[in-house]
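Peer 1: Build me a model from this:
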Amino acid sequence: MSMIQITLKDGSQREVVQGTTLAEFAASISRSLAKSAVAAKVDGRVTDLPIKLEKDVQVEFVTFEDAEGRDAFRHTSSHILAQAVKRLFGDVKIAIGPAIANGFYYDFDAVSAFTQEDLGKIQAEMEKIVKENFPIERLEVSRAEAIALFTELGETYKVELIQDLPEDVIISMYKQGEFVDLCAGPHLSSTGKVKAIKLQSVAGAYWRGDEKRKMLQRIYGTSFEKKADLDAYLTMLEEAAKRDHRKLGKELDLFSIQEEGPGFPFFHPKGMVLRNELENFWRKLHVKYRYQEIKTPIILNQKLWQQSGHWDHYRDNMYFTKIDDEGFAVKPMNCPGGILVYRTNHHSYRDFPLRTAELGLVHRHEISGALHGLMRVRSFTQDDAHIFMLPSQIKTEIQGVIDLFDTVYSTFGLSYHAELSTKPAKAMGSDEVWELTTNALREALDERGLPYRINEGDGAFYGPKIDFHLRDSIGRTWQCGTIQLDMQMPEKFDLTYVGEDGQKHRPVMIHRVAYGSIERFIGILIEHYAGAFPAWLSPVQVKILPITDRHVEYARELEEVMFGKEIRVAVDDRSEKIGYKIREAQMEKVPYILLVGDKEIESRTVAVRKRGQGDIGSQDAQEFISNLLVEIQEKQ
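Peer 2: Got it, this is the predicted structure:
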């Protein structure tokens, strides 16, 4: 009986009999681990629990609490969905069904459109498959055998996927009951482990994301280990629907998306107030942190994008034009323009760190099906900054950027966590440079004591990055801020500075955004605050309601005083009942409603209604104004 040595995540080691499955090994450690583990990492690769251990390896068990565990759990859920659809609609062809953030989907080629009634039937069949508790078995066959099997089953989409693979590749499939699917895995050990499922919606999706290919039907769903967790998630979704920025954006008259410009937002006057407040806050903060603001053109010569590498890595997402018979591109990113600004002057080591910032309008082509309000658009403003520095300044500068980010996010009441993304498959530069830059980011995070996760292979093509994921008021996360360390662009553009030794050297470059996209950040804030913005951000900060026509003059007098102090104020002098005007102002989510009548005129006061609190009593008008100015100034 051969023994092998297993190293666990904490560094401890155990000996097991060769051929022991991961599930058996988990059970040997503890009963609770055997129950909670959904998959395992073997030498860093996530795999199924029924897999046998044949040699000395490192093993880390993952649960539903881990991202890899949720993916395995929900990937299995997508297979249960496909099995249920095949049982109910035998003529349907299956395409792909991955796990996604917060759930899963599966794409189907069906003759008829799925209805809400169909979703109910499919979910009931899924629950039946869960109760049947089929073992999930991994099968490995040759490419030819896989093509033969799926051809016999009539699954043309699976055949196409297999045909795109190399001829000598081993194909993995997963079988549960009568259902078999092409899949790399990993999966749960049985269908019975998926205790709580909810199918949510149906949408259209082009096969392989290609607008020229057939439109398939995509069924979305989610799943959890416990029904209580599913119920809590569905409650959060209901709250999110009430906060949908597209709905509130229309109700509050902030922005619109017009048929004449799909993916190109139109900001209305109230939306511009919100946007300008964000930009003003951004500018003042960047002056404090010693940034210099620049502005670069929207359209630049094609040769620039070829030199930067965007032409090779990003061309399908770019817009193009011709000027004087030469090719030009609308910028999808601001960094090449910032680099050209750097090159206009000679630089010394004494100039560093050199911090430049830009609110730069960029354009990226997104397929129409991916567009979503302000969250996914084709034109948006990035609050880009580029920092040029000495290698010795990297950690200090990253710390400074994190300080700035912390100020931004805390101002809006947004907590966050960080994720470090490493070298992707398609990357520029040597392994040595990538290791140097990745370690610099890791050390900066470690020295600051900021907890972070590692996303292997998810860096930008020119360098590793730290992403900041914000948590909003109902618990959702949004990726916004990014710090990208770049030693590639300075090389490609021959950027130099004169060092203390009098010789030319390459600067190190940081790309970073705090908001990410101003448009998307506004969408996030609309949903975070449910449209009830703090006073400093609100398009209308005060609404004055005269009770009758004879009180209008006093209301206008107050309006004039507030307007002079740059308070955003409006008077509703319509001949409507006061209760109607109060309700309408509440619907507009105005922070303060002031009622003025005979008593207020006589005492030079205002009757104050505060959003979320209702009537808070009478206040001296000047005192109210002074207190409000402090609230706005301090961004309370």
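
Peer 1: quick one: residue 592 from residue 549, how far?
Peer 2: Note on residue 592: its distance to residue 549, by Cβ to Cβ, to the nearest Å, is 22 Å. In short, each C-beta sits where N, CA and C put it, glycine included.

Peer 1: whoops, I mixed them up, residue 318
Peer 2: With Cβ to Cβ as the criterion, residue 318 and residue 549 are 59 Å apart.

Peer 1: More neighbours: the two, which one.
Peer 2: A side-by-side neighbour count of residue 318 and residue 549, using other Cβ atoms under 10 Å, places residue 318 first with 19 against 10.

Peer 1: and that one, what is it in contact with?
Peer 2: 305, 310, 329-330, 332, 363-365 (Cβ atoms under 8 Å, 6 or more residues apart in numbering).

Peer 1: Please render those as a markdown table that adds secondary structure, distance to residue 284 and pLDDT to the earlier fields.
Peer 2: Output for the contacts of residue 318, formatted as a markdown table (DSSP: H, G, I helix; E, B strand; the rest coil; distance: Cβ to Cβ, whole Å; pLDDT from 0 to 100):
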| residue | secondary structure | distance to residue 284 | pLDDT |
| --- | --- | --- | --- |
| 305 | helix | 33 | 93 |
| 310 | helix | 32 | 86 |
| 329 | strand | 33 | 95 |
| 330 | strand | 30 | 95 |
| 332 | coil | 28 | 94 |
| 363 | strand | 28 | 96 |
| 364 | coil | 29 | 95 |
| 365 | coil | 34 | 93 |
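
Peer 1: Quick check: of the residues you listed, which lies closest to residue 575?
Peer 2: Set against residue 575, the nearest of these by Cβ to Cβ is residue 363 (47.7 Å).

Peer 1: neighbours of that closest one, just the number please.
Peer 2: Residue 363 is flanked by 19 other residues according to other Cβ under 10 Å.

Peer 1: Could you measure from it over to residue 153?
Peer 2: Applying Cβ to Cβ, the value for residue 363 to residue 153 is 44 Å.

Peer 1: what residue ranges in the chain score low on pLDDT?
Peer 2: Per-residue confidence for the chain (pLDDT under 70) gives these ranges: 1.

Peer 1: those strands in the stretch 451-600 of the chain, which residues are they?
Peer 2: With DSSP state E, counting those that start in this stretch as the criterion, the stretch 451-600 of the chain has strands at 452-455, 465-471, 477-486, 497-498, 504-505, 508-513, 542-546, 569-571, 592-596.

Peer 1: need those strands in CSV with mean neighbour count and distance to residue 369, can you?
Peer 2: Shown next, in CSV, are these (neighbours: other Cβ atoms under 10 Å; distance: least, Cβ to Cβ, whole Å):
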stretch, mean neighbour count, distance to residue 369
strand 452-455, 14, 26
strand 465-471, 22, 25
strand 477-486, 22, 21
strand 497-498, 18, 46
strand 504-505, 14, 47
strand 508-513, 24, 26
strand 542-546, 25, 40
strand 569-571, 20, 39
strand 592-596, 24, 42
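
Peer 1: Determine which of those strands approaches residue 127 most closely.
Peer 2: Of all the strands of the stretch 451-600 of the chain, strand 477-486 sits nearest to residue 127, with 29.2 Å by Cβ to Cβ.

Peer 1: Would you mind getting the angle between the closest one and strand 508-513?
Peer 2: Comparing the axes of strand 477-486 and strand 508-513 via axes from the mean of the first three to the mean of the last three Cα atoms, to 10 degrees yields an angle of 160 degrees.

Peer 1: hmm, who's touching the helix or strand encompassing residue 285?
Peer 2: Element membership for residue 285 (DSSP states H and E) is helix 269-288. The contact list for helix 269-288 (Cβ under 8 Å, 6+ apart) reads 249, 252-255, 267, 293, 357, 359, 383, 385, 404, 407-408, 411, 514-515, 518, 521-522, 525, 533, 536-537, 539-540, 568, 635.
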